[in-house]
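Peer 1: Would you be able to build a 3D model of this:
(one chain, ligands or ions: 2)
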Amino acid sequence: MERTELNALGEFGLIDRIKSKFTTQNPETITGIGDDAAVIDLGDKYMLISTDMLLEGIHFDLSYAPLRHLGYKAVAVNVSDIAAMNGIAKQITVSIGLSNRISVEAVDEIYEGIRFACEDYKVDLIGGDTSASRSGLILSITATGLVDKDKIAYRNGAKVNDILCVTGDLGAAYFGLQILEREKQEYLANPNMQPDLEEKSYLVGKQLKPEARADIIHELAEAGVVPTSMIDISDGLASEIIHLSTQSGVGALIFEEKLPIEDITMLTASEFNISPITAALNGGEDYQLLFTVKQADFDKIKNVSDITPIGYMTEDKAVELVLKSGAKASIKAQGWNHLQ
Ligand code: ADP
Ligand code: MG
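Peer 2: Ligands and ions are numbered 1, 2, ... in the order given. Okay, the predicted model is just below:
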């Protein structure tokens, strides 16, 4: 029997392969595999369902990720996927795989974080599953949400000339991780050292305790704007723009000078000798929202401080970045071979 390595397909290739083997059988299943959340017809509204798994050693390192933050993050990343459909998260289930390194007090800490997130995002914990794990801590959360049928935002609705917008700032979570990794190596070399993360607390915080932009969903509703397409930035801006473009059948042009990058991110980028643009494009884990709006709608949100227009959608299918020099670079998805 033939054996194909997973790396030959990559994460998205593998998901496409799984998807191609299934058809939906229920008329209530509006959208299955392929967007940030599945869409189920409830009659008067759509229900959204998204699931995300965090694994020790792949997505987090218990030597520097506080358990409380981990619990919070596991909820936030799911709420973010619901927000990416323009929906409001309502319920979660939590499945947890526990290694023998985890004590009852440690489980309490994880659930403290989950509880904080439930309060912040107004979601209810309604169930889950508990098991022993032989390969470290596993935290898998499923979130449900609701959206009015005429307000749903898919990945595939972007049109030529729509304005491409991003929330918050980019690249910070990536440098937060670089700093934590560097401090860990220094600590292993010299266990007496006390890590000094004060100056970089913004970046480290973005990595350890990202927030889902549920607030933006309320801002959009208040402004009376429904994005023509939307996705959350979990893998990096580059990968997500390519998703919106290919699924919508249009291209995109973005401008380096428009990318929202904080000063501390810029400073840290030069310290690590990594281009801040590369970090913004390919760093990942920012959990900001990337969306398109009709030009006429842009005026209604242009004063929302945390929304930045970074470019627009084009007829030509290319996805390109206009550099400060005026030169154009083509945007490639990176990191997709990393299964996560
Ligand atoms: P996100 O980064 O927004 O969480 P993913 O890239 O993880 O999205 O997933 C993309 C789509 O593929 C989603 O619809 C998700 O539910 C689906 N998917 C991912 N893994 C699997 C799997 N093993 N089986 C079925 N569907 C999957
Ligand atoms: Mg997503």
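Peer 1: And the contacts of the strand or helix carrying Leu180?
Peer 2: If you go by DSSP states H and E, Leu180 is part of helix 172-189. Contact with helix 172-189 is made by 61, 63-64, 193, 195, 197, 200, 202-208, 210, 262, 264-265, 268-269, 272, 274, 279, 283-287, as judged by C-beta atoms under 8 Å, 6 or more residues apart in numbering. C-beta here means a position set from N, CA and C on the backbone, and glycine is covered the same way.
Peer 1: buried stuff in that helix?
Peer 2: Neighbour-count burial for helix 172-189 flags Ala172, Ala173, Tyr174, Phe175, Gly176, Leu177, Gln178, Ile179, Leu180, Glu183 (criterion: 16 or more other C-beta atoms under 10 Å).
Peer 1: Next: stretch 145-165.
Peer 2: Neighbour-count burial for stretch 145-165, counted by 16+ other C-beta under 10 Å, picks out 145-147, 151-158, 162-165.
Peer 1: Per-residue pLDDT of the residue in the stretch 151-300 of the chain positioned nearest to ligand 1, please?
Peer 2: Using C-beta to the nearest ligand atom, Ser234 is the residue of the stretch 151-300 of the chain that sits closest to ligand 1, at 4.4 Å. With respect to pLDDT, Ser234 scores 94.
Peer 1: Next up, the contacts around it.
Peer 2: Taking C-beta under 8 Å, 6+ apart, one finds Val77, Ser80, Glu240, Gly284, Glu285, Asp286, Tyr287 in contact with Ser234.
Peer 1: Same check on Phe60?
Peer 2: Per C-beta under 8 Å, 6+ apart, neighbours of Phe60: Leu54, Leu70, Lys73.
Peer 1: at 10 Å what do you get?
Peer 2: Listed by C-beta atoms under 10 Å, 6 or more residues apart in numbering, the contact partners of Phe60 are Leu54, Leu67, His69, Leu70, Lys73, Ala74, Gly136, Leu137, Leu139, Leu177, Gln207, Leu208.
Peer 1: How much space separates the last one from Ile217?
Peer 2: By that I understand Leu208. To Ile217, Leu208 is 24 Å away according to C-beta to C-beta, to the nearest Å.
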